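Engineer: here's a sequence, model it:
(2 chains)
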2 protein chains.
Amino acid sequence: MQIAIALFDRFTALDAAGPYQVLCRVPGAEVVFVADRARAVSDDAGTLVLRAQAGYAQVPSPDLVVVPGGPGTAAQLAPGPLRDWLLAADQASAWTTSVCTGSLILAAAGLLTGRNATTHWGSMDKLASLGAVPRRERYVFDGKYVTAAGVSAGIDMALALVGRFAGDEAAERIQLGIEYDPHPPYHAGSPATARPELVAALA
Amino acid sequence: MQIAIALFDRFTALDAAGPYQVLCRVPGAEVVFVADRARAVSDDAGTLVLRAQAGYAQVPSPDLVVVPGGPGTAAQLAPGPLRDWLLAADQASAWTTSVCTGSLILAAAGLLTGRNATTHWGSMDKLASLGAVPRRERYVFDGKYVTAAGVSAGIDMALALVGRFAGDEAAERIQLGIEYDPHPPYHAGSPATARPELVAALA
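Structural biologist: Numbering: from 1, shown residues only, chains lettered A, B, ... in the order given. Here you go, the predicted structure:
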């Protein structure tokens, strides 16, 4: 099983690294980071630099596609190499997925039109304007299209996805291996639970 | 505030990327990935390659040190460049921290002797044998030494840490920004909740 995680300038690191840490542990999976060409790609803080091992052309038909989000998505909503690759790869993929505002890229490419999908809580309207049916859920399955909420939600999505294609036990093993037993020290992770003034400040 | 995240061959990606994603959003923080020299460093799957921007010598006195874990820790338990740097950096640091089996590196360097600390659930005995007092908690503060449980626990630890040095509101803002409202699809993240046969298989 080939899993391609797309990188572009100013992606959000955990959007990619979260699902990666789950998916790289699936028995038989080969994960590859792809970008417009094989190169080092900087995240949205300009600090974390990940290597894309391959250009899009070298990975034409992955089984699973993951598109992260981040401020860099803005530059990916227009036609370009990422969209061209996504549309072609989606023809053959078993799963086409995104984390955070990565779903805006899928939607702008027309892949989520009329589909249930989610994104970062601050981008729901944008997702709707691009033709998807926005859902405030941690992750959303609509056929082979799977979208996660903001940043950290990619971990939850990836575990659920592994459960679907490799079985519950495979997913549970990975969860135990990465000791994913979250205990956030605050309850501010969602606009539903954070203090209203914080939500207003970040919205 | 300078934050140094140490990298070494075969580190576990999320051990570094989880805290990074929290800490890089602290106002005024400068995060730098360091290694024996400025170079690309491969994770334990050999797939995720992160760039260390600086060698240890270039970052002699960070305010906060983060040491990730992973299979590569085994090679870091003996004297060497990482230990030399850690011991020197710890003299001036405000916080010396680890994720997962990164605490074994701190302990082997003598920094956790007699201190409460934690690590990946499968490495508690090893942590004790290196002189620390192992605690089965998500993260443990003992003075300026802060250690997190396995892999994903670095996110929780980093948020708690930000709360301590930048205040609760700063931590809550970051939590909301990364939408850290975890909903694992399974309850297998801890040996206390996973099915016993799974725990036995991975122990």
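Engineer: pull the longest helix from chain A.
Structural biologist: For chain A, the helix with the greatest residue count under DSSP state H is helix A:153-166.
Engineer: can you give me the buried ones in that one?
Structural biologist: For helix A:153-166, the neighbour count (16 or more other Cβ atoms under 10 Å in any protein chain shown) marks A:A153, A:G154, A:I155, A:D156, A:M157, A:A158, A:L159, A:A160, A:L161, A:V162, A:G163, A:A166 as buried. Yep, even glycine has a C-beta here, placed from its N, CA and C like the rest.
Engineer: what's the answer for stretch A:117-127, then?
Structural biologist: A:A117, A:T118, A:T119, A:H120, A:W121, A:G122, A:S123, A:M124, A:K126, A:L127.
Engineer: stretch A:123-143 too?
Structural biologist: Across stretch A:123-143, burial judged by 16+ other Cβ under 10 Å covers A:123-124, A:126-127, A:130, A:132, A:134-135, A:138-142.
Engineer: in TSV, list the residues you listed along with secondary structure, distance to B:L14 and pLDDT.
Structural biologist: Formatted as TSV, these follow (DSSP: H, G, I helix; E, B strand; the rest coil; distance: Cβ to Cβ, whole Å; pLDDT from 0 to 100):
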residue	secondary structure	distance to B:L14	pLDDT
A:S123	helix	24	97
A:M124	helix	27	97
A:K126	helix	28	98
A:L127	helix	26	98
A:L130	coil	30	98
A:A132	coil	28	98
A:P134	strand	28	98
A:R135	coil	26	98
A:R138	coil	18	98
A:Y139	strand	18	98
A:V140	strand	23	98
A:F141	strand	23	98
A:D142	strand	27	98
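Engineer: if we can go back for a sec, filter the buried residues of stretch A:117-127 to keep only those in contact with chain B.
Structural biologist: With Cβ under 8 Å from any Cβ of the partner chain as the criterion, the buried residues of stretch A:117-127 include A:H120, A:W121 near chain B.
Engineer: and which of the buried residues of stretch A:117-127 is nearest B:A200?
Structural biologist: For the buried residues of stretch A:117-127, the residue nearest B:A200 by Cβ to Cβ is A:T118; the value is 36.3 Å.
Engineer: hmm, the closest one is touching A:Y139, no?
Structural biologist: Yes: using Cβ atoms under 8 Å, A:T118 is in contact with A:Y139, at 6.7 Å.
Engineer: and the contacts of the helix or strand of chain A with the lowest mean pLDDT?
Structural biologist: Lowest on mean pLDDT, DSSP states H and E among the helices and strands of chain A sits helix A:196-202, with a mean of 92. Helix A:196-202 has contacts (Cβ atoms under 8 Å, 6 or more residues apart in numbering or on different chains) with A:G122, A:A188, A:P191, B:E169, B:E172, B:R173, B:L176, B:G177.
Engineer: next up, the contacts around the residue nearest to the fifth one when sequence neighbours are not counted.
Structural biologist: Counting by Cβ to Cβ, 6 or more residues apart in numbering or on different chains, B:E172 lies nearest to A:A188, which is 3.6 Å off, once chain neighbours are set aside. With contacts defined as Cβ under 8 Å, 6+ apart, A:A188 is in contact with A:A194, A:R195, A:L198, B:A171, B:E172, B:R173, B:Q175, B:L176.
Engineer: closest to A:E30 among those?
Structural biologist: Within the contacts of A:A188, the smallest distance to A:E30 is 33.4 Å, found for B:Q175 (Cβ to Cβ).
Engineer: secondary structure element for that closest one?
Structural biologist: B:Q175 is part of helix B:168-177, with elements assigned from DSSP states H and E.
Engineer: low-confidence regions, chain A specifically.
Structural biologist: The model of chain A has no residue with pLDDT under 70.
Engineer: shared neighbours, A:T118 and A:Y139?
Structural biologist: By Cβ under 8 Å, 6+ apart, A:T118 and A:Y139 have these common neighbours: A:T147, A:A148, A:A149, A:A153.
Engineer: in chain A, which spans are helices?
Structural biologist: Listed in chain order, the helices of chain A (DSSP H) span A:13-23, A:81-92, A:102-108, A:124-129, A:153-166, A:168-177, A:196-202.
Engineer: what's the first one packed up against?
Structural biologist: For helix A:13-23, the elements it packs on are strand A:2-6, strand A:30-35, strand A:64-67, helix A:153-166, helix B:13-23, judged by 3 or more Cβ pairs under 8 Å, 6 or more residues apart in numbering or on different chains; DSSP states H and E.
Engineer: quick one on the thing from earlier: what is the nearest of the contacts of A:A188 to B:D84?
Structural biologist: Closest approach between the contacts of A:A188 and B:D84, by Cβ to Cβ: B:A171, at 32.3 Å.
Engineer: ok, that closest one - contacts?
Structural biologist: Residues in contact with B:A171, defined by Cβ under 8 Å, 6+ apart, are A:P185, A:Y186, A:A188, B:L159, B:A160, B:V162, B:G163.
Engineer: mind checking how far it is from B:V22?
Structural biologist: Distance, B:A171 to B:V22, using Cβ to Cβ, to the nearest Å: 8 Å.
Engineer: without its sequence neighbours, what residue ends up closest to A:L50?
Structural biologist: Excluding its sequence neighbours, the residue lying closest to A:L50 (Cβ to Cβ, 6+ apart) is A:V41, at 5.5 Å.
Engineer: which residues sit in contact with that neighbour?
Structural biologist: A:L7, A:F8, A:D9, A:F11, A:F33, A:A35, A:V49, A:L50, A:R51, A:A52.
Engineer: out of those residues, who has the most neighbours?
Structural biologist: Within the contacts of A:V41, most neighbours by other Cβ atoms under 10 Å in any protein chain shown means A:F11, with 30 neighbours.
Engineer: quote the end-to-end distance of stretch A:102-115.
Structural biologist: Chord length of stretch A:102-115, first to last residue, is 15 Å (Cα to Cα, to the nearest Å).
Engineer: mind listing what's buried along that stretch?
Structural biologist: Under the neighbour-count criterion of 16+ other Cβ under 10 Å, stretch A:102-115 has A:G102, A:S103, A:L104, A:I105, A:L106, A:A107, A:A108, A:A109, A:L111, A:L112, A:R115 buried.
Engineer: equivalent analysis for stretch A:29-36, please.
Structural biologist: For stretch A:29-36, the neighbour count (16+ other Cβ under 10 Å) marks A:A29, A:V31, A:F33, A:V34, A:A35, A:D36 as buried.
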